[in-house]
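Visitor: next one to model:
(4 chains)
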Amino acid sequence: MFEVHCPYCNEKRPEIEFAYAGEAHIVRETKADELTDQEWAEFLFYRDNKRGDHHERWWHQHGCNMFFNAVRNTLTDKFVMTYKMGVKRPTKTQIKAAKNGK
Amino acid sequence: MANNKAPYRTAGRGNDGSKTINFTFDGKAYQGVQGDTLASALLANGVHLMGRSFKYHRPRGVLGAGSEEPNALVTLDRGKGRVTPNIRATVLEIFEGLVTRSQNAWPNLKTDIGAFNNIFSAFFPAGFYNKTFMWPKSFWDKVYEPIIRNMAGLGPAPSEPDADVYASVYGHCETLIVGAGPAGIAAALTAAKSGGRIILVDENPVLGGSLLSVPNDKIDGLEISKWLANSIRTLQKMRNVKLMTRTTAIGYYHDNFIGLAERITDHIPNITPGVSREKLHRIRAGKVILAQGAIERPLVFNGNDRPGVMLASAAQTFQSRYGVAVGNAAILFTSHDSGYAAVFDLADANIRIPIVVDVRDEIPKDIRAQAKQRGIEIASGASISKTHGSTRINGVEIYSPSTGAKRKVNCDALLMCGGWTPSLHLWSHSKSTIKWDDEIAAYVPDMPNENAVCAGACNGDFGLLAALKGGNKAAGGRKTYKVTARNFGAGTTFVSLPSYIDTSKQKAFVDFQNDATQKDINLAVREGFASIEHVKRYTTIGMATDQGKTSNLNAMQIASNAVNKTVEQVGLTTFRPPYTPTTYGTFAGYRTGDLFEVERKTPMDGWAQEHGAVYEPVGIWRRARYFPKPGEDMDAAVARECKATRDSLGIFDASTLGKIEVVGPDAAKFMNLMYTNPWAQLGEGRCRYGLMLREDGYIYDDGVVGRLAEDRFHVTTTTGGAPRVFRHMEDYLQTEFPHLDVWLTSTTEQWAVIALNGPSARKLIEPFVENIDLSPEKFPHMAVREGTICGVETRLFRVSFSGELGFEINVPAHYGRAVWETLFEAGKKYAITPYGTETMHVLRAEKGFIIVGQDTDGTVTPGDAGMEWAVSKKKKDFVGRRSLKRPDLVASGRKQLVGLLTENPKTVLEEGAQIVADPNQSIPMDMIGHVTSSYWSESLGHSIAMALVMYGFDKEGEDIYIPIEGNTHKAKIVSPMFYDPKGERLNVV
Amino acid sequence: MKFSASSLFANALSGHKKWPEQFPNKEPKKRYDIVIVGAGGHGLGAAYYLAKKYGISNIAVIEKCWLGGGNTARNTTIIRSNYLFDESTAIYDHAVDLWDGLSQELNYNTMFSKRGVLMLAHNVHDVQSFQRHVHANRLNGVDNKWLSPQECKKFLPILDISQNRHYPVMGGALQMRAGTARHDSVAWGYARAASQLGVDIIQNCAVTGIRRSKDGAVKGVETEKGFIAAGKIGVSAAGHSSTVMDMAGLRFPLESYPLQALVSEPVKPVLNCVVMSNAVHAYISQSDKGELVIGAGTDQYTSYSQRGALHILEHTLMSICEIFPIFKRMRMLRSWGGIVDVTPDRSPILGKTPIEGLYVNCGWGTGGFKATPGAADLFAYTIAHDEPHKINAPYNLDRFVTGRLIDEAAAAAVAH
Amino acid sequence: MLFSQDINISEALQTNALSMTLMDEKTRYSLRIKPKDLAAFKKASGLKLPAKIGQSIRTSAHSYLCLGPDEWIVITANENRNNLREIFVNMTAKFTYSYVDVSHRNIGFVLSGEQVENAINIGCPLDLSLDTFPIGKVTRTVFENAPIMVLRTGTTEFQLECWRSFAPYICGLFDRFAMDL
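Guide: As a prediction, this is how the structure comes out:
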């Protein structure tokens, strides 16, 4: 059970307070009618399933009730950073900086 | 020297010789002393034969003196529900009245019929089962496998529910130290000064580790025993230090999360009922210091498994700590200096050492001198080619490869020392890396993956001084120690010990318990199993209950030799948790029986119980299923409950329905996105049935939604669906629609819900309701009002899931039972009848109302369920809308929800029964649908069913068939609205 | 050398020194007709059937680590085919047909043990759902029988069927032709049989890229041991499928999760079948060695670390203790983690990809082992014919676009 | 009408080492206010809402617990119920916010005694040492399979709340713990 830093509580909290909520930054197209079936399928189902730094969502279900984003390395399971919903997808430079402790 | 009855008892540091303990092994009574393990006590009585090996049933004695033991496994019998197989005699603390038995032997340990396997062992090499038992084919099921299965297992399987209970707890510390030998204790003394919380754990009953086994030399001028006692006292006094004995660190998980298994009652003669036997500590540590020590490596040679052959360090431990002589004449066979320390200790305790056989040609001078001083002969550059004896060793054949000379020397114990293997188990669990160290011929820690450090022997730093310094340093100290102790010394690794006997004819065991030998490894390699993981799986080395603690490194070296690669190239098998076998009970902790899972009960549950309800689990709720009267079965009770409700009045506990309060100026906008229905025009005080889809277009949940105010909706969900619907809504609100000003609050448990259905419903509640006009004009069907009932505030819904005039009375939960009872009392004049979920299901099915999850599953669209009417055509967006247009979801031939009437009106179809168009087709048949709901309808006098059928809507009036085993039923497709299709009964005045 | 009683006898007398290598580890040639990526049961099996049935033996099976070391080595060896949908039944029952006779086919004892799989129902919804399965299976010709609680107890005497428990046994569905097999032997048996037919098995050779020609078709694989040309590439890489497909520039509907399993110390026979409980989240069997073999649930997050969490084991073992209170005193001996690749409908993808010459067999989630011979056979068919067999035709990528999913889990939806 | 929480606390949980008592009927409101409106809301309503997640403020009238960035629970005695509701209703005109009555959703316990941290830690994975969980800190968390809310009210005293149907399970775990004391 790893620890997750909740960007709202600003604390590390045990994993079992959280629910994993899948890959992050998958934009839900509001004009979905204009998408082809293939494009819609890609939105619904296709995932990076990244080996390495993975952008993903977590829900602090048994805490502050907030959804937030994280970068986690799927090879080591270590979190690189977590950030609030609405914050832009971090750049490679930002991820690197976070790995080096800012 | 308390116990004169035990012939091999001497004085030991680690036991209390003054207290005699009586115990039995295989029915025979023995005496040991307080502090003994079963192994030390049996050895004190001269008993070496303690077990039989797994495959060949070879007689075996102890190999080690600790948790690494592969041979001496026994069954412990503490009475009904407390029989435990496969206990290592070397860690089993004896207590008064202990009853133990040997295992895997029949009729008895000494004469074991199973040992015929040993005679034919040439036919059962590693992997033999892959090559045989294939002909004739039918013999596998009928003959071979049953025989193999009958030979399986070591100890007996449990046959009674466990009589013990277990515990589990979370804990936190700044520093966790695993292992309380010299390194661990030095680390604890140093770390404790930092003020942070320190936990020091050791698997043994007493702290000290190797300090208990070595001669009483001096640390900083104090005798070791005194130094140890002082250190423990110091640690005990510190409030920030927690010392835990009989506690094994079993696994190292993410972010310094360590599992510790504590054994609480296994050593206590009388168990207090209710006190936990074992406890799982789930520790989050800031830093972990691993001081797990090292395990001595056996030597692999012909006959190395006879009872009486053991690790040199084990003999030393039995001697120094337990005060037990492992024999009268002990020979040492070694490739490492450290083995001499053991025999010197034994010699100093007046045990005869007939000879030391050292494989090495060169032996350090000081060792030679010390041996000479004790009159011990050393045969250097020699080997042991054979051992003699049956259930106990009685001699060895010493072979000199340079001269070819052989000679027999008698003994009753043979000690072996092949160097040391640092215990890297937990380090490796943490995914920290290891590297090969040629000097000590073992793997040592490399790069940490967690905030962890190894200290002492498990770091490859051998000897007392190195351990103390290493422990101190690991905890951030810089102390030096003055130690007078023997040098630990060095050694050489011999992959293959010199012998004149062909290796294929030798019985040179690598994995003792699984009877895997050097030749098995060679065979594996010969057959192309070059990876060490292949070798492990092919030979089963390292897969016994000791998980290869004494065998893995030997196996790896033999394999690397056989494939002509370096050990690093061959690699090491992965260390798997737990460190030592751990009971399921420990993992389950407190969470067994009633505490396994939460069983949620409604406020009226107690009333239902008092009124004889039969329950059913729904999700983690328990709900009353029906209320049988004496002599009634479910069918009779349900028929009565249905009739009573339709005739006059039924009362039903609907409290488990999920409830979410949706509040904010954008509440209607949000509802529009989450549900298929339109919400903007729903007036205050009105209700609507809501249908929720997943983004993939399939039905996810449903429920009645009441609009209490412009900005406030009272949403209900299915019972099991409440948590996932809440998550689904929060997810969309926070991630996709954060611009909406609306908030969600779960109110499932705020409200107890009493559903009243039947023509008398209004009459019943009228006298109790205040501030709500109940007249049909002011309070029509699908309306909601706030007011009071029985003096308690209520949200009163006029809704019906039965087709009758119905009310759902929401009252604050802790008044639920009182309101229910008041209404029930008053309802007696209307023949009020409590009903459960089963009747609720029948009543709704008679009306053709669906149950999400029963009549729909995760593959059903609103169109399939005949609920297009609930899907807004005008809304530009709602969750699932785009998916409904996908090709397969608009394709023809989808299964659609219809009603069924069986040809024989008395036939109640089985739910889940499959439907075919052609009853005469042979198997496999083309299935066109299945029965989702099926009941006897007392109101209609015939059975009814709902079904999902391909092209169902177009087939109304057509016949279909339901083949049940041995019988085929015919049924007609009809509208699922069986009862009161015009809905007139809703408006009974 | 053919394995037989006489060859075993002869070798025993000569000290077992004459056994040949079962599967020589080869260095790669420059070019193969077909390269299979991933030497698990599925990949080795596909190579075997390609060689055996279609006479194509210029095949390399390339493996990053050691053969049979991925999910083949890490699963709980359960075999069954009592699925609900026709598509699922067809594919898993095809596998069971092949399991039954695989030892003789391969001349390698894979120890398929038809001891039965008993799925326990603990609530009304389970009963409805399982009976739906039983009815569908019967009409599809798949054995699966509904047992009352008393019949369950008769079949499995150690079962506690008292009804006052939190999770009472309300019945069970029993497939008798189901059971377990020896997982390692399956990989080794296929490897040996394929090797004997001329297939090259190349271990410790990670694929690092997929090279394509200008028209988009595959040309071969880049590996740690250099470029290997191939006309067709079959990817059978289980948890790592996304990574390999990414090399070809394809994003896939897959996610990889950690899955743990564990065994107990061996004890004398006590559990005569496989027992599964969806409601309590437990499945368990006893191996021929006497160990209780238990599958745990997946962790909630995607990961390639092969390192599961402690609380998953806690939940698994408390579930086992709930069903079998007599096992509370048993001891866990060893636990380990694997990586399962899961599709949105938890059914596999087995067929062609949008890239010419690139075929994929992935997404088996927790169901891969039981499908091994069937999936391997169908994968071989698909590669050989450049089109799917009718059994695996529904398991295409297109279903995620059209919505024609094969979603067994959704069909077993938790109710009310 | 009879108020019944339908919970019995065993005698094993009435010792100096660990004592558990059931709180009587309380009024509880869940408040949701946008962080940017908080200061103005506090001023207008007079409610002492703490600004930071995990903080609590106890006044003579009410307890204010901040559970999320825009989420508070206000707990008060039943006699203050109407006053509090009046404030909420009045605020509706001025602020976009949410208040929901959750009085009966929860059951509250007071746990005290030298074993209190150990007791909560049998099921709750949080570090409850005074340094990391000081007096006044509040949070939602888990207690094995039950979601709970924990508020530290003293060195060896906690208030623990859960949804009502989870209470017997939680009491059962404490009961088992008490047997090991």
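
Visitor: near chain D, which residues of the stretch 601-750 of chain B show up?
Guide: Contact residues (CB under 8 Å from any CB of the partner chain) of the stretch 601-750 of chain B with chain D: B:601-603, B:606, B:621, B:661, B:663-665, B:741-743, B:745-750. For the C-beta atoms, the positions are set from N, CA and C on the backbone; glycine is no exception.

Visitor: buried ones from those residues, can you make that a ChimeraX selection?
Guide: To isolate the buried ones among these in ChimeraX, judged by 16 or more other CB atoms under 10 Å in any protein chain shown, type:
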select /B:601,602,603,621,661,663,664,741,742,743,745,746,747,748,749,750
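
Visitor: pick out the residue in the stretch 101-250 of chain C sitting closest to chain D.
Guide: C:H166 (11.0 Å; CB to the nearest CB).

Visitor: that residue and B:T719, how far apart?
Guide: 17 Å (CB to CB, to the nearest Å).

Visitor: ok, these two, which is more surrounded?
Guide: B:T719 (23 against 17; other CB atoms under 10 Å in any protein chain shown).

Visitor: show me what contacts the more buried one?
Guide: Counting by CB atoms under 8 Å, 6 or more residues apart in numbering or on different chains, B:T719 touches B:618-619, B:621, B:623, B:656-658, C:416.

Visitor: confirm it sits in a helix?
Guide: No: with DSSP: H, G, I helix; E, B strand; the rest coil as the criterion, B:T719 is coil rather than part of a helix.

Visitor: didn't B:A191 look like it was pressed against B:I289?
Guide: Yes: here B:A191 reaches B:I289: they are 7.4 Å apart, a contact under CB atoms under 8 Å.

Visitor: can you list residues touching both of those two?
Guide: By CB under 8 Å, 6+ apart, B:A191 and B:I289 have these common neighbours: B:175, B:177, B:475.

Visitor: picking that back up, would you write a ChimeraX line that selects the buried entries of the contacts of B:T719?
Guide: The ChimeraX selection below is limited to those of the contacts of B:T719 classed as buried (16+ other CB under 10 Å):
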select /B:618,619,621,623,656,657,658 /C:416
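
Visitor: need the contacts of B:T719 in a markdown table (columns: pLDDT).
Guide: Output for these, formatted as a markdown table (pLDDT from 0 to 100):
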| residue | pLDDT |
| --- | --- |
| B:V618 | 90 |
| B:G619 | 88 |
| B:W621 | 95 |
| B:R623 | 96 |
| B:T656 | 98 |
| B:L657 | 97 |
| B:G658 | 98 |
| C:H416 | 43 |
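
Visitor: closest one of the contacts of B:T719 to A:H25?
Guide: B:G658 (30.3 Å; CB to CB).

Visitor: now the closest one: phi and psi?
Guide: Phi and psi for B:G658, reported as degrees, to the nearest 10, are phi -70, psi 150.

Visitor: so how far is chain A from it?
Guide: Relative to chain A, B:G658 is positioned 16 Å away (criterion: CB to the nearest CB, to the nearest Å).

Visitor: nearest residue to that residue in space, please, no chain neighbours.
Guide: Closest residue in space to B:G658, ignoring its immediate chain neighbours: B:A722 at 2.4 Å, by CB to CB, 6 or more residues apart in numbering or on different chains.

Visitor: ok, now B:S121?
Guide: Leaving out its chain neighbours, the residue that sits closest to B:S121 by CB to CB, 6+ apart is B:Y56, at 5.3 Å.

Visitor: and that neighbour, how many neighbours?
Guide: Using other CB under 10 Å, B:Y56 is surrounded by 21 other residues.

Visitor: that one belongs to a helix?
Guide: No: according to three-state DSSP, the state of B:Y56 is coil, so it is not within a helix.

Visitor: tell me the buried residues in stretch B:814-825?
Guide: The neighbour-count check on stretch B:814-825 (16+ other CB under 10 Å) flags B:814-820, B:822-824 as buried.

Visitor: same list, these, but as JSON lines with distance to B:R13 and pLDDT please.
Guide: What follows is the buried residues of stretch B:814-825, written out as JSON lines (distance: CB to CB, whole Å; pLDDT from 0 to 100):
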{"residue": "B:H814", "distance to B:R13": "63", "pLDDT": "97"}
{"residue": "B:Y815", "distance to B:R13": "69", "pLDDT": "97"}
{"residue": "B:G816", "distance to B:R13": "67", "pLDDT": "97"}
{"residue": "B:R817", "distance to B:R13": "66", "pLDDT": "97"}
{"residue": "B:A818", "distance to B:R13": "69", "pLDDT": "97"}
{"residue": "B:V819", "distance to B:R13": "72", "pLDDT": "98"}
{"residue": "B:W820", "distance to B:R13": "70", "pLDDT": "98"}
{"residue": "B:T822", "distance to B:R13": "75", "pLDDT": "98"}
{"residue": "B:L823", "distance to B:R13": "76", "pLDDT": "98"}
{"residue": "B:F824", "distance to B:R13": "74", "pLDDT": "98"}
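
Visitor: for D:Q115, see how far away the residue in the stretch 301-416 of chain C that chain B sits nearest to is.
Guide: Nearest to chain B, among the residues of the stretch 301-416 of chain C, is C:A410, at 2.5 Å (CB to the nearest CB). Going from C:A410 to D:Q115 by CB to CB gives 47 Å.

Visitor: stretch B:287-307 and chain D, are they touching?
Guide: No: judged by CB under 8 Å from any CB, stretch B:287-307 makes no contact with chain D; its nearest approach is 14.7 Å.

Visitor: bridging residues for the most centrally placed residue in chain D?
Guide: With distances taken as CA atoms, centre = their mean, the residue of chain D nearest its centroid is D:E161 (5.0 Å). Residues in a beta bridge with D:E161, per DSSP bridges, are D:G108, D:M149.

Visitor: is there proximity between stretch B:854-868 and chain A?
Guide: No: using CB under 8 Å from any CB, stretch B:854-868 never reaches chain A; the gap is at least 14.1 Å.

Visitor: ok, that stretch near chain C or not?
Guide: Yes: Stretch B:854-868 lies within reach of chain C by CB under 8 Å from any CB, at B:854, B:856-859.

Visitor: ok, those residues vs C:Q150, which is closest?
Guide: Closest to C:Q150, out of all of the residues of stretch B:854-868 next to chain C and judged by CB to CB, is B:Q854, at 26.0 Å.
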